[in-house]
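Peer 1: got a predicted model here, sequence first, then my questions.
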Amino acid sequence: MTAVFALTERQIRASFRNFDIVFAVLVPILTFVGFTIGLRNVIDTGGVGYSQYVLPAVVVQAMLFGALNTTDLAAAEKSSAFGVRLRTLPISVRAPMIARMLYCLIRGALALAAAFAVAYPFGFRMDGGLLLGATFVLLSLALTLALSFGAEATGTRAKRSDTSSQLLLIPQLLLVLLSTGMAPVDSFPRLVQPFVEYQPISQITETLRGFASGEVVASNLTMTLAWCIALLVGFGYLALRGQAGRR
Amino acid sequence: MTAVKTPSRALAIESAIFAGRLTTRWRRNPLVPLQSLLFPAILLIIYYLLVSKSMTRLTGGDSLDTVVSMCALAGGMAGSLAAALAIPEERDSGLLSRFWMMPVHRASALTGTLLAEATRTVVATAVIVGVGMMLGLRFHGGVAAAALFVLIPVLWVSVYATAVIVVALRFRSRAVLTWFSTLSLGAVFGSSGVAPIDLVPRWIRPVVQFQPMSSTIQSMKALARDGFAVQPLLWMFAWIFGIGLVAGTLAVRSYRAAAQSGA
């Protein structure tokens, strides 16, 4: 385990030098302010303040953005001379990956804290109480881990990491902007409404919003948990497979 | 007897060769076309689906012309940034110094870059306008207005690419370039084109109203709707000219410094 901690510490130190952690904190702040200022009087959320409405989408967007950087990170580490050197050391083959995942969780927690810090003055409140608030945090971090596994799996396989992470930006935008995290399903054209309603980001942001407001819908919670577990297991398996004895 | 070309024609030919070099690079590593073509076209569709109904409820129109303008500008800028990511490396590997030593007009590497950027933006804007027309965009101001509509992103991207070159040469860091892109994309989406100005919080209104992208998007919107809006157009050209003058001077100086640094 000491190897994992040493490598995690190294990731954190490096993240201050390449500004990764700075961006992780700034992205939720900038997207929240941008969305709220730009759209709060445009989109009719039916009584709920837009800052209360959009915060889950900002959190999910921040986690997705972090995962894109993880893709680059994993690809660079895997192909670097340092990565090759690590594989000759008497440590677990998976230690570098576990260290990256721990770092992603720390980064995700910081992003989450930043999102809360900026949303509070705009009127966001955790009305669901302490327990549901803790569940909000837990679900966000579970999602971070699942997405980071996905990023790890992509990064270790990609040939051109800069292009692949930019390519992944497109589905990311598609999922976040065309979700009920941005606007209620009625404000989308009828043609895309089925997609908007049932895609995972919509389900997850709705659950998070439910945790924040204290009204959890059972069917929606089941759907979200199913998505989270499926993503964790699927991406986790692929990420672990990517580590096994390849050069 | 050797044929001596006139300097101005030499500059044009050499610029075209330098531009061709960049186009080849962009074809081999598709990050740049991705950023400048695919990304804004998809953004246009997504953003339109997100706001069209709400905007119709608010203003009576779906503001497709605004969204098309924004995506054309944002795409051009994103493309310039993706292209500029290679510049620090070219400087460090000594390629820029090598160009400086070649028997060509010394401005041609810079003018070639701008030529390539402008060409790319013409194509990208045409694609985005095409996608917009499929979604229902129509030009009611005539052919001249439509031509100017396409020309505006090209002018802006040429100026913007000059500024990006300055940033890339001066700071030599990807992080600063990313910051610069966040700032400029923020300017596009935080302009008075996105939502009616009275819906923006009062304290930030002056910034939103007078930043360069607001007059640009207003001009483009007017061009698509009914023709030439004189005041925003004048503001926009003043911005383009001002930023172009400053960035152009700095770009020539930074380029010379980078090329002569020898490292």
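Peer 2: Cool, got the structure.
Peer 1: grab the most central residue of the chain for me.
Peer 2: You didn't say which chain, so I picked chain A. The centre of chain A sits closest to A:Met63, judged by CA atoms, centre = their mean, with a distance of 1.9 Å.
Peer 1: sorry, I should have been clearer: chain B.
Peer 2: B:Val157 (2.0 Å).
Peer 1: ok now do that one, which residues does it touch?
Peer 2: Going by CB atoms under 8 Å, 6 or more residues apart in numbering or on different chains, B:Val157 touches B:76-77, B:79-80, B:117-118, B:120-121. Every C-beta, even on glycine, is put in place using the N, C-alpha and C of the backbone.
Peer 1: returning to what we had before: and the nearest residue to the residue nearest to the centre of chain A once chain neighbours are set aside, how far from A:Met101?
Peer 2: Leaving aside its sequence neighbours, A:Met63 sits nearest to A:Thr144 (CB to CB, 6 or more residues apart in numbering or on different chains; 4.8 Å). A:Thr144 is 9 Å from A:Met101, where distance means CB to CB, to the nearest Å.
Peer 1: and these two? Which one has more around it.
Peer 2: A:Thr144 (27 against 24; other CB atoms under 10 Å in any protein chain shown).
Peer 1: which residues touch that one?
Peer 2: Here A:Thr144 is in contact with A:63, A:66-67, A:104-105, A:108 (criterion: CB under 8 Å, 6+ apart).
Peer 1: low pLDDT regions in the stretch 1-150 of chain B?
Peer 2: Counting by pLDDT under 70, the stretch 1-150 of chain B has low-confidence residues at B:1-7.
Peer 1: can you list the contacts of A:Thr144 in TSV and add pLDDT and secondary structure?
Peer 2: TSV is the format used below for these (pLDDT from 0 to 100; DSSP: H, G, I helix; E, B strand; the rest coil):
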residue	pLDDT	secondary structure
A:Met63	92	helix
A:Gly66	88	helix
A:Ala67	88	helix
A:Cys104	94	helix
A:Leu105	95	helix
A:Gly108	95	helix
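Peer 1: who's in contact with B:Leu44?
Peer 2: Contacts of B:Leu44 were listed using CB under 8 Å, 6+ apart, and they are B:67-68, B:71, B:128, B:131-132, B:135.
Peer 1: to which secondary structure element is it assigned?
Peer 2: Using DSSP states H and E, B:Leu44 sits in helix B:39-59.
Peer 1: where does chain A have its least confident helix or strand?
Peer 2: Within chain A, no helix or strand scores below helix A:161-177, which has a mean of 77 by mean pLDDT, DSSP states H and E.
Peer 1: so what touches the helix or strand just after that one?
Peer 2: Per DSSP H and E, the first helix or strand lying C-terminal to helix A:161-177 is helix A:193-198. Identification of contacts with helix A:193-198 by CB under 8 Å, 6+ apart yields A:178-180, A:185-186, A:188, A:202.
Peer 1: now helix A:193-198: average pLDDT?
Peer 2: Averaging pLDDT along helix A:193-198 gives 90.
Peer 1: need the CA coordinates for that helix. CSV is fine.
Peer 2: The C-alpha coordinates for helix A:193-198 follow below in CSV (Å, rounded to 0.1, in the frame of the first residue of the first chain):
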residue,chain,number,x,y,z
GLN,A,193,-37.7,14.2,-25.5
PRO,A,194,-37.5,10.4,-25.2
PHE,A,195,-33.7,10.6,-25.4
VAL,A,196,-33.5,13.5,-22.9
GLU,A,197,-35.8,11.8,-20.4
TYR,A,198,-34.1,8.4,-20.2
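Peer 1: so which bits of it are buried?
Peer 2: A:Val196 (16 or more other CB atoms under 10 Å in any protein chain shown).
Peer 1: past it, which element shows up next along the chain?
Peer 2: helix A:200-213.
Peer 1: that next one and chain B in contact?
Peer 2: No. Using CB under 8 Å from any CB of the partner chain, helix A:200-213 never reaches chain B; the gap is at least 12.7 Å.
Peer 1: do the same with stretch A:41-60
Peer 2: Yes. Stretch A:41-60 lies within reach of chain B by CB under 8 Å from any CB, at A:41-44.
Peer 1: how about the residues of the stretch 1-150 of chain B near chain A?
Peer 2: So far as CB under 8 Å from any CB goes, the stretch 1-150 of chain B lies against chain A at B:29-31, B:34-35, B:38-39, B:42-43, B:46-47, B:49-55, B:57-58, B:82, B:85.
Peer 1: show me where pLDDT drops low in chain A?
Peer 2: Short version for chain A, where the test is pLDDT under 70: A:1, A:159-164, A:244-247.
Peer 1: what does it put close to chain B?
Peer 2: Counting by CB under 8 Å from any CB, the residues of chain A near chain B are A:18-19, A:23, A:30, A:34, A:37-39, A:41-44, A:160, A:162-163, A:166-167, A:169-170, A:173-174, A:177-178, A:182-183, A:187-189, A:192.
Peer 1: may I see the PyMOL selection of the buried members of the residues you listed?
Peer 2: Here the buried members of the residues of chain A next to chain B are turned into a PyMOL selection, burial being counted by 16+ other CB under 10 Å:
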select buried, chain A and resi 19+23+30+34+37+38+39+41+42+43+162+163+166+167+169+170+173+174+177+178+182+183+187+188+192
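Peer 1: check contacts around A:Ala3.
Peer 2: Taking CB under 8 Å, 6+ apart, we find A:Ala3 in contact with A:89, A:91-92, A:95, A:99.
Peer 1: chain B versus that one, what's the distance?
Peer 2: Going from A:Ala3 to chain B by CB to the nearest CB, to the nearest Å gives 29 Å.
Peer 1: what ranges does chain A have for its helices?
Peer 2: A:2-17, A:20-39, A:50-79, A:81-86, A:95-119, A:129-157, A:161-177, A:193-198, A:200-213, A:218-243 (DSSP state H).
Peer 1: wait, which of these is closest to B:Ser8?
Peer 2: B:Ser8 lies closest to helix A:161-177 among these, at 38.1 Å (CB to CB).
Peer 1: CA atoms only for that closest one, dumped as CSV, please.
Peer 2: The C-alpha trace of helix A:161-177 is given here as CSV (Å, rounded to 0.1, in the frame of the first residue of the first chain):
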residue,chain,number,x,y,z
SER,A,161,-4.6,10.8,-26.5
ASP,A,162,-5.0,14.5,-27.3
THR,A,163,-7.4,13.6,-30.2
SER,A,164,-9.3,11.0,-28.3
SER,A,165,-9.9,13.2,-25.2
GLN,A,166,-11.2,16.0,-27.6
LEU,A,167,-13.4,13.5,-29.4
LEU,A,168,-14.9,12.4,-26.0
LEU,A,169,-15.8,16.1,-25.4
ILE,A,170,-18.6,15.8,-28.0
PRO,A,171,-20.6,13.0,-26.3
GLN,A,172,-19.9,14.7,-23.0
LEU,A,173,-21.5,17.9,-24.2
LEU,A,174,-24.3,16.0,-25.8
LEU,A,175,-25.2,14.2,-22.6
VAL,A,176,-24.9,17.2,-20.3
LEU,A,177,-26.7,19.8,-22.4
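Peer 1: if we can go back for a sec, can you tell me which of the residues of stretch A:41-60 next to chain B is closest to chain B?
Peer 2: Among those, A:Asn41 lies closest to chain B (CB to the nearest CB), at 3.9 Å.
Peer 1: ramachandran coordinates for the closest one?
Peer 2: phi -100, psi 0 (degrees, to the nearest 10).
Peer 1: do the same with A:Thr88
Peer 2: phi -90, psi -10.
Peer 1: who's in contact with the residue nearest to A:Gly128 when sequence neighbours are not counted?
Peer 2: Distance criterion CB to CB, 6+ apart; nearest residue to A:Gly128, sequence neighbours excluded, is A:Gly214 at 3.4 Å. Neighbouring residues of A:Gly214 by CB under 8 Å, 6+ apart: A:127-129, A:132.
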